[in-house]
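Enquirer: need a 3D model of the following:
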Amino acid sequence: MHDPAYRAWNERIDTLRNIVRDPRVSLMFFVPGANNVIRANGRARATADAALCTSFMHDGKTPHTVIVIKIAEVYSQCARAMMRARLWTSADDSTGLPTMGEILQEIAKGGFYGTTYDAKWSARTASTLW
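Expert: Residues are numbered from 1 along each chain as shown. This is a model prediction of the structure:
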């Protein structure tokens, strides 16, 4: 799935060269207002598949190539740096997004209680992250 609202085609191939040399990639997802960071590791490949490129068409322009990422693992990154940096100084903008406890509960498929994890998050970070 891709975000049809974002198109930043710059006709540069630096990233594609890097992927050809070493397909290992890591993506970090930041959510404004949340101190947790989700990290996804996997392998990327560049493709010129016509159907896939056409699915990214915008304003009559089709990219020459797209990057496909096969995710191998997803986990939360340590929140320590985010908390120390005080990156998000505005109100919590993460309303409606799943909490870390909800994500972990979904992954675990039973035996993990996300609400308990979330309820203890503030006290746990205060005593263990510093």
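
Enquirer: looking at it, Leu16 is touching Ala46, isn't it?
Expert: Yes. The criterion here is Cβ atoms under 8 Å, and Leu16 meets it with Ala46 at 4.7 Å. Where C-beta positions appear, they are placed from N, C-alpha and C, glycine not excepted.

Enquirer: and for stretch 79-89, what's in contact with it?
Expert: For stretch 79-89, contacts defined as Cβ atoms under 8 Å, 6 or more residues apart in numbering pick out 30, 32-37, 125, 129-130.

Enquirer: let me know the closest of those residues to Asp118.
Expert: Minimum distance to Asp118 across the contacts of stretch 79-89 is 10.4 Å, recorded for Asn36 (Cβ to Cβ).

Enquirer: just give me the neighbour total for that closest one.
Expert: 19 (other Cβ atoms under 10 Å).

Enquirer: quick one, strands of the chain?
Expert: 24-30, 37-47, 66-77 (DSSP state E).

Enquirer: quick one, the shortest one and strand 37-47 angle?
Expert: In this case it means strand 24-30. Angle, strand 24-30 to strand 37-47, by axes from the mean of the first three to the mean of the last three Cα atoms, to 10 degrees: 140 degrees.

Enquirer: strand partners (parallel or antiparallel) of strand 24-30?
Expert: strand 37-47 (antiparallel) (DSSP bridges).

Enquirer: in the partner strand, which residues are buried?
Expert: 37-38, 42, 44, 46 (16 or more other Cβ atoms under 10 Å).

Enquirer: centre-most residue in this structure?
Expert: Most central in the chain under Cα atoms, centre = their mean is Phe29, positioned 3.2 Å from the mean C-alpha point.

Enquirer: separation between that one and Val74?
Expert: Noted for Phe29: a distance of 9 Å to Val74, by Cβ to Cβ, to the nearest Å.

Enquirer: quickly list what's touching both of these two.
Expert: Joint contacts of Phe29 and Val74 (Cβ under 8 Å, 6+ apart) are 38-40.
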